[in-house]
Structure formats: C-alpha cells, structure tokens
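Chemist: please find the sequence and the predicted model below.
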Amino acid sequence: MNHVVDTLIIGAGPAGLSCGIRLCKRGVSNLVVEKRSFPRDKTCGGGVTNKTYRLLSEELELPEEALSKIFCDENDVLELFFGDLRLTHSKIKKPLRFVKRREFDHFLATEYQKRGGKLLENTTCSSLDPKGHTATLSSGDTVAFEHLVISDGALSPTAKSLGYDSPELAFCVETHIPKEALPNHTAVGVSFGVVKNGYVWVFPSGKELCVGLGGLYDQSVRYDAILKDFLRTLGVDPEPYPIKGAFLPYGKLVKQSRGMDNVLLVGDAGGFVDPIYGEGLYFALASGIEAAKAISAGHTSARKAFLARMKPYQKIIRDGKRLQKIFVLPASQKYFKKVAQGRNNFVGFYIDHLLAEYDYPYSRLGKLIRDYRREKKTAKA
Ligand SMILES: Cc1cc2nc3c(=O)[nH]c(=O)nc-3n(C[C@H](O)[C@H](O)[C@H](O)COP(=O)(O)OP(=O)(O)OC[C@H]3O[C@@H](n4cnc5c(N)ncnc54)[C@H](O)[C@@H]3O)c2cc1C
C-alpha cells in the first residue's frame with residue numbers, strides 16, 4: 001500500500017477540508033483526494049452567515065487575521081423584492097460576509113496542509129472498496145483506510161457508485177458584473193417571484209456583484225434566459241458576462257441509515273443544504289466537523305455516531321423542506337408579497353435570528369414572530 005491512513009476523504013471542498021482539518025487537530029491520520037487542482041473556481045454566491053463564520057473561527061480555529069483577509073465583501077443591509085417591487089429595506093445586526101470560492105477553498109486547502117494534512121490534487125479513485133478498506137487512485141497508488149468520508153459535491157459520483165440515492169436537486173445559474181453597472185445596488189438583494197420555486201440574489205463580491213438565480217430543478221425551465229431577462233430589467237446588457245450553472249441539493253437528505261458503518265457522506269454529497277435559501281457552506285463545514293468528531297471518538301459505527309450528531313441539522317433541513325413546499329405555492333407567494341411589504345424591522349429580526357444563527361428552527365416560526373412582537377413592545381415602553 002502507498003498510503004495507510006485512518007480516513008480517506010474524497011473531495012476537497014469545504015466539507016472534505018473541514019473534516020480533514022479537524023482530524024489533523026485530533027491526530028487522526030487522513031488523506032484528501034481532489035479531482036481538480038487549487039486554486040479552482042466553484043459556482044457559488046459566496047454568502048457567509050454569522051453561524052458559518054463561527055464554525056470557521058471557533059470550531060476550525062482558523063486564525064482571525066487570515067480569516068479577515070479571505071472575505072471580499074461585507075454588508076449589513078438586506079432588501080427583499082417581489083419581481084421588481086421592493087418589499088423591504090432592512091438593517092441587520094449580524095452582517096453577511098462574502099467570499100470568492102476560488103480563494104476561500106484554496107485558503108482552506110492551505111490551512112489543511114499547514115496542519116499536516118495530505119492533499120492529492122488532480123486525483124480521483126479508480127476503484128473503491130469500503131468493505132475491504134482499500135482504494136486505488138487514478139495515479140495508480142493504493143490506499144488502505146479505516147473510514148471513508150465522501151465529500152465530492154452535489155452530484156457525488158462516489159456516493160452514486162456505492163449505490164446511494166441522489167439528493168433532490170436545485171439548479172442555479174450566476175454571473176458577475178462590475179459594481180459600476182448597478183451603482184444604486186448597494187444592499188444584499190433577494191427577489192422572489194422571478195424564477196419558479198426559487199429566488200434571485202444580488203450579492204456584493206469585491207469589485208463585482210454576483211447575480212444569480214435558482215430553484216428546484218425543472219428541465220423545462222431556461223434558467224440562463226431568465227437570468228438574462230432579469231439583468232435586462234435592471235438595465236444591464238447581459239451579453240458580455242458569462243453565465244455558469246451548477247446543481248445543489250435542495251431539501252431531500254441522502255439516506256445514510258442503511259449505509260456501511262465506516263462510510264460518511266458530508267456536505268452537498270449528503271444533501272446537507274438549507275432548503276429555503278440554498279445555504280450550503282454552513283452545512284458543509286458543520287457536517288465535515290461532525291464527521292471528524294464521530295470518527296475520532298472511536299465508535300464501532302462512525303456512521304451511527306455521525307448521524308446522531310447530525311440530528312439537529314437534519315431537523316432544520318426537514319422542517320425547511322416542509323416550509324419550502326408551502327412557500328412555493330402561488331397563493332403563498334401572493335400572501336408573502338402582501339404581508340412582507342414594509343416589514344423592515346421584522347425581516348431584520350428574522351435574518352439576525354434565523355438566517356444568521358438558527359436561533360429558531362423553521363418549525364418555531366410562530367415563536368419567532370411572538371418574540372419579535374414582545375421585543376418591539378419592550379422597545380416602545
Ligand atoms: C450557484 C450556487 C450558489 C451558491 N451560493 C451559496 C452561498 O451564497 N452561500 C452558501 O452558503 N452556499 C451557497 N451555495 C451552496 C454551496 O456552494 C455548497 O453547498 C458547498 O460548496 C458544498 O460544499 P462541499 O464541500 O460539500 O462540495 P463542493 O464545494 O462541491 O466540493 C466538492 C469537491 O469535490 C471534488 N470532486 C468532485 N468529484 C470528485 C471525484 N470523483 N474525486 C475527487 N474529487 C472530486 C470537486 O472538484 C470539489 O472540489 C451555492 C451553490 C450554487 C450552485
């Protein structure tokens with residue numbers, strides 16, 4: 001065997017690398033194989049919420065100074081739209097940060113290697129036998145491992161080859177335009193009512209704006225054409241700006257309960273994405289970290305230990321999926337447009353407590369509304 005490790009990790013996105021960083025910290029030997037080489041692009045809005053930031057700084061213990069350099073933008077104003085009608089303009093207490101994935105993932109890969117992690121780029125597995133604990137890599141090298149972490153993204157060829165179901169998918173397209181093209185667009189923008197079963201985002205991204213949209217995947221929808229039309233309604237000629245598309249999971253988790261005890265699916269490969277916003281970085285990091293904790297605790301079934309640790313996250317995703325099903329109905333959208341208009345403070349409260357932190361899971365939206373009213377009353381008194 002060319003490599004003998006406790007854990008083989010397939011895919012060096014945030015999920016695989018966070019798992020690797022945590023395993024290195026615990027002194028558990030591991031190897032990450034990645035089919036591309038860094039720095040590499042990844043289609044993503046790059047939005048980082050406060051809860052995601054905390055995972056980077058507290059759980060992965062990445063140095064604050066290095067972290068502060070990795071964000072290309074930050075913003076504390078969010079505007080909601082329905083089509084081109086502006087519904088709200090909300091100041092948020094916990095600003096949203098933004099990264100460029102080319103730099104962010106490269107940074108994580110470097111931090112992983114600094115901690116002694118071994119990363120093989122331009123490499124895939126040509127054969128994999130989790131029961132026999134062996135793999136052969138595209139380079140011809142062989143690996144003996146105890147645990148296998150699958151973190152090769154939404155389409156996860158590795159999970160598919162081992163017989164796992166695919167997660168339910170959304171499809172997103174995005175492009176980058178210079179900020180000067182939309183000088184009045186200074187807030188984080190989110191528009192509903194433009195694309196079926198999804199939304200449009202306009203995220204600040206350094207000198208650019210990342211404009212994208214996506215929704216539950218429907219083959220008949222021309223996502224790129226809708227994005228171009230959207231840009232035209234903003235007065236921007238879309239033609240000079242290349243559009244890229246990618247899948248992401250959107251609600252249905254991959255069933256791992258009957259999987260092998262030494263195989264763990266993390267990040268997009270496991271379907272761990274918020275089904276309302278498509279926020280995946282938080283779940284990628286969280287599931288990578290929880291996988292490392294489960295593996296390093298030395299349980300007979302790392303998978304069972306991992307799934308037990310993932311229960312609160314799975315609850316958020318399942319409750320979010322229920323809400324998504326209601327939210328996409330035309331009647332709900334009409335109602336949302338009516339009730340959201342002008343509710344600037346409530347939307348700010350919602351962003352600070354739900355999106356930024358998950359202080360309230362989706363099943364407790366009623367409590368969030370009651371607490372907001374109480375806070376408003378106290379502030380008035
Ligand atoms: C358009 C778009 C916008 C998004 N915007 C946001 C956002 O603003 N905020 C947010 O939080 N989330 C966002 N997401 C979701 C987020 O990008 C993902 O949830 C996140 O990247 C998941 O991380 P991961 O490590 O699981 O997978 P990935 O980031 O996809 O990484 C998988 C890695 O595996 C590698 N790989 C693939 N196949 C193999 C193989 N066979 N062998 C070895 N390596 C392999 C890939 O090259 C890649 O490096 C967005 C997604 C899309 C598509």
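Modeler: Arrived safely, thanks for sending.
Chemist: distance check, the residue nearest the centre of the chain against Asn2.
Modeler: With distances taken as CA atoms, centre = their mean, the residue of the chain nearest its centroid is Gly280 (1.2 Å). With distances taken as CB to CB, to the nearest Å, Gly280 is found 33 Å from Asn2. Every C-beta, even on glycine, is put in place using the N, C-alpha and C of the backbone.
Chemist: quick one on the thing from earlier: contact partners for the residue nearest to the centre of the chain?
Modeler: Residues near Gly280 by CB atoms under 8 Å, 6 or more residues apart in numbering: Cys44, Leu248, Pro249, Gly267, Asp268, Phe272, Val273, Asp274.
Chemist: what does Ala181 give?
Modeler: So Ala181 contacts Leu209, Val236 (CB under 8 Å, 6+ apart).
Chemist: that's a strand at Val143, yeah?
Modeler: Yes - counting by DSSP: H, G, I helix; E, B strand; the rest coil, Val143 is located in a strand.
Chemist: and it, how far from Gly267?
Modeler: 21 Å.
Chemist: those two - which one has more neighbours?
Modeler: Of the pair Val143 and Gly267, Gly267 is the one with more neighbours under other CB atoms under 10 Å, namely 33 against 21.
Chemist: which residue is the nearest non-sequential neighbour of that one?
Modeler: In space, and not counting its chain neighbours, Gly267 is closest to Ala15: 2.6 Å by CB to CB, 6 or more residues apart in numbering.
Chemist: which one of the contacts of Gly280 sits closest to the ligand?
Modeler: Gly267 (2.1 Å; CB to the nearest ligand atom).
Chemist: pretty sure the closest one contacts Ile289?
Modeler: No - Gly267 lies out of contact with Ile289 (CB atoms under 8 Å); the separation is 10.9 Å.
Chemist: okay, buried residues for the host helix or strand of the residue nearest to Gly267 please.
Modeler: For Ala15, the host element (DSSP states H and E) is helix 14-25. Buried residues in helix 14-25, defined by neighbour count with 16 or more other CB atoms under 10 Å: Pro14, Ala15, Gly16, Leu17, Ser18, Cys19, Gly20, Ile21, Arg22, Leu23, Cys24.
Chemist: just how off-centre is it within its chain?
Modeler: Here the centre of helix 14-25 is set off from its chain's centre by 16 Å, with CA atoms, centre = their mean, to the nearest Å.
Chemist: ok, the helix or strand that that helix is followed by: who's next to it in the sheet?
Modeler: Downstream of helix 14-25, the first helix or strand assigned by DSSP H and E is strand 30-33. The pairing partners recorded for strand 30-33 under DSSP bridges are strand 3-10 (parallel), strand 118-120 (parallel).
Chemist: can you give me the strands in the stretch 201-350 of the chain?
Modeler: For the stretch 201-350 of the chain, strands defined by DSSP state E, counting those that start in this stretch occupy the ranges 208-216, 244-249, 263-265.
Chemist: nearest to Thr233, of those strands?
Modeler: strand 208-216 (11.5 Å; CB to CB).
Chemist: what sits against Ile317?
Modeler: Applying CB under 8 Å, 6+ apart, the residues contacting Ile317 are Gly251, Leu253, Gly271, Phe272, Val273, Asp274, Pro275, Phe283.
Chemist: and those residues near the ligand, which?
Modeler: Contacts with the ligand within the contacts of Ile317, counted by CB under 6 Å from any ligand atom: Val273.
Chemist: select from the contacts of Ile317 the one having the most neighbours.
Modeler: Gly271 (31 neighbours).
Chemist: what's near enough to touch the residue nearest to it when sequence neighbours are not counted?
Modeler: When the adjacent residues along the chain are set aside, Gly271 lies closest to Pro167, with 3.2 Å between them (CB to CB, 6+ apart). Contacts here follow CB under 8 Å, 6+ apart; on that basis Pro167 touches Ala154, Pro249, Tyr250, Gly251, Lys252, Leu253, Val254, Asp268, Gly270, Gly271, Val273.
Chemist: which of these lies closest to the ligand?
Modeler: Nearest member of those to the ligand, counting by CB to the nearest ligand atom, is Asp268, at 3.8 Å.
Chemist: doesn't Pro14 make contact with the closest one?
Modeler: No - between Asp268 and Pro14 there is no contact under CB under 8 Å: 9.5 Å.
Chemist: shared neighbours of the two, anything?
Modeler: In contact with both Asp268 and Pro14: Ala284, using CB under 8 Å, 6+ apart.
Chemist: now the helix or strand of the chain with the lowest mean pLDDT: buried residues?
Modeler: Among the helical and strand segments of the chain, the one scoring lowest on mean pLDDT, DSSP states H and E is helix 330-340, with a mean of 88. Judged by neighbour count (16+ other CB under 10 Å), helix 330-340 contains these buried residues: Phe336, Lys337, Ala340.
Chemist: so what's the closest residue to the second one other than its chain neighbours up against?
Modeler: Read it as Lys337. Nearest residue to Lys337, sequence neighbours excluded (CB to CB, 6+ apart): Phe82, at 4.5 Å. By CB under 8 Å, 6+ apart, Phe82 lies in contact with Ser191, Phe192, Gly193, Gln333, Phe336, Lys337, Ala340.
Chemist: now the closest residue to Arg101 other than its chain neighbours: how far from the ligand?
Modeler: Excluding its sequence neighbours, the residue lying closest to Arg101 (CB to CB, 6+ apart) is Lys42, at 4.0 Å. Lys42 is 5 Å from the ligand, where distance means CB to the nearest ligand atom, to the nearest Å.
Chemist: Lys42 touches Val99, doesn't it?
Modeler: No - proximity of Lys42 to Val99 does not meet the contact threshold set by CB under 8 Å, at 10.4 Å.
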